[in-house]
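>>> no sequence for this one, just the structure:
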């Protein structure tokens, strides 16, 4: 989840998000190394005769600045392609939840249960309880079991929306007339927030998503009380 004045990414809730954080750190170190090398070369040019024609036009220098960028691109591309494949992989889901975007709220339907559906509206600021997060709290949270692969079916009934939960590394467009799919699996219980990440109209910023991840036995109790 996010913390006040937090720098960097949110804590990972899924294995995919953990991989993305590792890839982010891996790429950041490459960028840091390139920046340090460029800064060193600029400093050397200002203080020494590194710009001499014999030095800069040598065969060795041309080989280095041709081969080195290619190696850097390979170091970035290989883990990137691996994570893209993992994100597109469809696991065998235990349950399916369908969400529809509206102007400006979300509706959810648990397709494996009979008549289990609800709308999820943002709670206005003047109605928040103490400790509630402004523009992020909703009247009906999406309750999901932990450690279970879940298929999200995402669509829209009016304009383009985007169902996004950063801690899960999920961001899927909700397109009218099209049913998109995302597979998610959480590694721990908790309360996690997301928002519509598509500019869908004047109240675009008032479409929060709240996932309440609970152990499986508590999820069974929740469904039995509805």
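Thanks, I have it. Keep in mind that this is a model prediction, so the values were computed, not measured.
>>> For the nearest residue to residue 163 once chain neighbours are set aside, which three-state class applies?
Excluding its sequence neighbours, the residue lying closest to residue 163 (CB to CB, 6 or more residues apart in numbering) is residue 154, at 4.9 Å. For every residue, glycine as well, the C-beta is placed using N, CA and C. When the structure is reduced to helix, strand and coil (DSSP: H, G, I helix; E, B strand; the rest coil), residue 154 reads as strand.
>>> Give me the distance between residue 154 and residue 138.
Relative to residue 138, residue 154 is positioned 17 Å away (CB to CB, to the nearest Å).
>>> Counting neighbours, go ahead and name the busier of those two.
Neighbour tally, residue 154 and residue 138, criterion other CB atoms under 10 Å: the higher count belongs to residue 154, 23 against 18.
>>> I'd say the more buried one and residue 174 touch.
Yes. Using CB atoms under 8 Å, residue 154 makes contact with residue 174 at a distance of 5.0 Å.
>>> Now for those two: what residues contact both?
99, 101, 163, 180 (CB atoms under 8 Å, 6 or more residues apart in numbering).
>>> okay, now residue 168: neighbour count?
As a burial measure, the neighbour count of residue 168 was computed by other CB under 10 Å and equals 23.
>>> May I have the residues that are in contact with it?
With contact set as CB under 8 Å, 6+ apart, residue 168 has these partners: 13-14, 16-17, 184, 186, 192, 194, 211.
>>> Tabulate these (a markdown table), appending distance to residue 83 and neighbour count.
Supplementary listing: the contacts of residue 168 in a markdown table, determined by distance: CB to CB, whole Å; neighbours: other CB atoms under 10 Å:
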| residue | distance to residue 83 | neighbour count |
| --- | --- | --- |
| 13 | 16 | 26 |
| 14 | 12 | 19 |
| 16 | 7 | 19 |
| 17 | 10 | 22 |
| 184 | 15 | 24 |
| 186 | 18 | 25 |
| 192 | 20 | 23 |
| 194 | 20 | 23 |
| 211 | 22 | 21 |
